[in-house]
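K.L.:
Sequence plus the predicted model coming up.
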Amino acid sequence: MNGLRAVIEEEIRERGPIPFSGYMESCLYHPQFGYYSRSAEQFGKAGDFYTSSDVHAVFGRLLVRQFDEMWQALGSPDHIVIKELGAGRGLFAQDVMDWAEKKSPDFLRALQYELVEQSPALRQRIAATLQRRFESGQVTFGSLEQSDDCPVIVFANEFFDAIPVEVVSASGSLRIDARDGRFVESWAATSPEESEYLDRYSAPPEQGERLEVGLQSQELMSTAIGFERGFVVVVDYGYTRQEQLAGRHRGTIKAIRRHAVSGSPYEAPGEQDITADVNFTALEAAVEQQGFRAEKLVTQSQFLMGIGEDTQFADAFEDCRLPQERAKVALQLKHLVTPAGMGESFHVLVASKGVAEEKTASLSGLSFGKRNLRARS
């Protein structure tokens, strides 16, 4: 029997049917059998899915430009922390540190990079990837909580889509039971917290459909941004309340295995990824409740094009020596910014606190197309 299945069934025998969030939590983060706790390779071509850092180092290189601008918007302080949530294999951090060393040495001297990653297997991979940076003390493993009072940039790329969610329908709140060696679904009364979330940030579920309630994501966000000056940058696939009210992004739970959407989250627990689209309206509310100002949501395409348009994406092509290398990088960049790739399905939430409004609004990642309009006016 699948080891995690036995663990979950035992929990159900002891506690009764469990919320879907509890099932998803075990599947992804159980310390021994969870998907992100295993030593197997989840990322890239040989794994189950790609992240932007798997596509090309240009993602991290472009973000260096944006982080440098944010540091300058904060007055170029002597110390600043980047806190990356869900650091994966550490590839993004590696790209950021290497490119900052080459292109933004003043910013790098001020930078302390904290990696928030709970998977022991991934932490081991990160420590090997970034050994030189760890030895220098410039990169450390951190926690969600802020430990000092220096400015912070919280960065989360494809983090919140893997945070456990509740699932609700017109029948109530989903519960998972075990019967005859299978997981079966039942429904309990919707909690006051779930109902309030639906009223404020989502939509009422219609007969026969399901919606996700991201209570844990809101709690995590609130915990991660307990600082007085800095920025939040969230990159993920998701939606707004307006889109849900229009009938879209309803029932977005997906199980992903070997780059294909699996039939059910109940098959092979711990051996496939489980995700849900991110409710950006709820995340915006969470940051605003902590005193941050959220900017208008942009697509990943708009965000990266805004950062790269002044230099015509020179960061991407700098290391290319042959035409074939340029052609390959152009295809990789296309995957990041075009609707056929990640460009339109991924969105970017930027929020700031203790920064002048005009300085945040003028960040290159939020300015795609605006500079041309200003130049013509």
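P.N.:
That came through, no problem.

K.L.:
can we go C-alpha only for contacts and neighbour counts from here?
P.N.:
Fine.

K.L.:
Count the residues that sit near L215.
P.N.:
18 (other Cα atoms under 10 Å).

K.L.:
Leaving out the residues flanking it, which one is nearest to it?
P.N.:
V165 (6.8 Å; Cα to Cα, 6 or more residues apart in numbering).

K.L.:
need the contact list for the one you found.
P.N.:
20-21, 24, 212-216, 276 (Cα atoms under 8 Å, 6 or more residues apart in numbering).

K.L.:
Narrow these to just the buried residues.
P.N.:
20-21, 24, 212-215, 276 (16 or more other Cα atoms under 10 Å).

K.L.:
Columns pLDDT, distance to L198 and secondary structure on top of these, output as a markdown table?
P.N.:
What follows is these, written out as a markdown table (pLDDT from 0 to 100; distance: Cα to Cα, whole Å; DSSP: H, G, I helix; E, B strand; the rest coil):
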| residue | pLDDT | distance to L198 | secondary structure |
| --- | --- | --- | --- |
| F20 | 98 | 17 | helix |
| S21 | 98 | 16 | helix |
| M24 | 98 | 20 | helix |
| E212 | 98 | 9 | strand |
| V213 | 98 | 7 | strand |
| G214 | 98 | 10 | coil |
| L215 | 98 | 11 | helix |
| A276 | 97 | 16 | coil |
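
K.L.:
show me what contacts R210?
P.N.:
167-170, 250-251.

K.L.:
looking at this protein, which helix or strand is least sure?
P.N.:
Counting by mean pLDDT, DSSP states H and E, the weakest-scoring helix or strand in the chain turns out to be helix 370-376, with a mean of 49.

K.L.:
Show the contacting residues for L62.
P.N.:
L62 touches 304, 307-308, 315, counting by Cα under 8 Å, 6+ apart.

K.L.:
In strands only, show me these.
P.N.:
Among those, no residue falls in strands (DSSP state E).

K.L.:
who wins for neighbours among these?
P.N.:
Highest count within these by other Cα under 10 Å belongs to L304, 26 neighbours.

K.L.:
With adjacent residues omitted, what lies nearest to that residue?
P.N.:
G365 (6.2 Å).

K.L.:
isn't there a helix covering that neighbour?
P.N.:
Yes - G365: assigned to a helix according to DSSP: H, G, I helix; E, B strand; the rest coil.

K.L.:
Who wins on neighbours among the contacts of R210?
P.N.:
V168 (27 neighbours).

K.L.:
any idea which element it lies in?
P.N.:
In this structure, V168 is located in strand 166-169 according to DSSP states H and E.

K.L.:
Show me what that strand is in contact with.
P.N.:
Contacts of strand 166-169 (Cα under 8 Å, 6+ apart): 19-21, 173-174, 190, 205-215.

K.L.:
partner strands of that strand, parallel or antiparallel?
P.N.:
When pairs are called by DSSP bridges, strand 166-169 turns out to pair with strand 172-179 (antiparallel), strand 210-213 (antiparallel).

K.L.:
now for these, which one comes closest to T223?
P.N.:
Set against T223 and scored by Cα to Cα, those come closest in strand 210-213, at 18.1 Å.

K.L.:
CA-only coordinates of that closest one, as PDB, when you get a sec.
P.N.:
Backbone C-alpha positions of strand 210-213 (Å, rounded to 0.1, in the frame of the first residue of the first chain) are rendered in PDB as follows:
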ATOM      1  CA  ARG A 210     -16.900  23.800  -6.400                       C
ATOM      2  CA  LEU A 211     -14.800  26.800  -5.300                       C
ATOM      3  CA  GLU A 212     -11.600  27.000  -3.300                       C
ATOM      4  CA  VAL A 213     -11.200  29.000  -0.100                       C
END
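
K.L.:
For the very next helix or strand once past that strand, name the packing helices and strands.
P.N.:
Toward the C-terminus, strand 210-213 is succeeded by helix 215-224 as the next helix or strand (DSSP H and E). On a contact count with 3 or more Cα pairs under 8 Å, 6 or more residues apart in numbering; DSSP states H and E, helix 215-224 meets helix 280-289.

K.L.:
where's the helix it packs on relative to the chain centroid, distance-wise?
P.N.:
Computed by Cα atoms, centre = their mean, to the nearest Å, the separation of helix 280-289 from the middle of its chain amounts to 15 Å.

K.L.:
likewise stretch 103-115?
P.N.:
With Cα atoms, centre = their mean, you get 21 Å for stretch 103-115.

K.L.:
and stretch 290-310, which residues are buried?
P.N.:
290-295, 297-308.

K.L.:
Look at that stretch and report the distance between its end residues.
P.N.:
33 Å (Cα to Cα, to the nearest Å).

K.L.:
try stretch 208-224
P.N.:
Terminal-residue distance, stretch 208-224 (Cα to Cα): 36 Å.

K.L.:
All the helices of the stretch 201-350 of the chain, residue numbers only.
P.N.:
215-224, 241-245, 280-289, 300-308, 314-317, 323-337 (DSSP state H, counting those that start in this stretch).

K.L.:
To D149, which of those lies closest?
P.N.:
Per Cα to Cα, nearest to D149 of the helices of the stretch 201-350 of the chain: helix 215-224, 13.4 Å.

K.L.:
I'd say A178 and V184 touch.
P.N.:
Yes - using Cα atoms under 8 Å, A178 makes contact with V184 at a distance of 5.8 Å.

K.L.:
okay, stretch 268-286 in PDB with CA atoms only?
P.N.:
Output of stretch 268-286 as PDB, limited to C-alpha atoms (Å, rounded to 0.1, in the frame of the first residue of the first chain):
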ATOM      1  CA  ALA A 268      -1.200   8.200  -5.800                       C
ATOM      2  CA  PRO A 269      -1.200  10.500  -2.800                       C
ATOM      3  CA  GLY A 270       2.300  12.100  -2.300                       C
ATOM      4  CA  GLU A 271       3.400  11.100  -5.800                       C
ATOM      5  CA  GLN A 272       1.700  14.000  -7.700                       C
ATOM      6  CA  ASP A 273       1.500  17.700  -7.300                       C
ATOM      7  CA  ILE A 274      -1.800  19.200  -6.200                       C
ATOM      8  CA  THR A 275      -2.500  22.900  -6.900                       C
ATOM      9  CA  ALA A 276      -5.300  25.500  -7.000                       C
ATOM     10  CA  ASP A 277      -5.400  28.800  -8.800                       C
ATOM     11  CA  VAL A 278      -4.600  31.800  -6.600                       C
ATOM     12  CA  ASN A 279      -7.300  34.200  -5.500                       C
ATOM     13  CA  PHE A 280      -5.400  37.500  -6.000                       C
ATOM     14  CA  THR A 281      -8.300  39.500  -4.600                       C
ATOM     15  CA  ALA A 282      -7.900  37.700  -1.300                       C
ATOM     16  CA  LEU A 283      -4.100  38.200  -1.300                       C
ATOM     17  CA  GLU A 284      -4.500  41.900  -2.100                       C
ATOM     18  CA  ALA A 285      -6.800  42.200   0.900                       C
ATOM     19  CA  ALA A 286      -4.300  40.400   3.100                       C
END
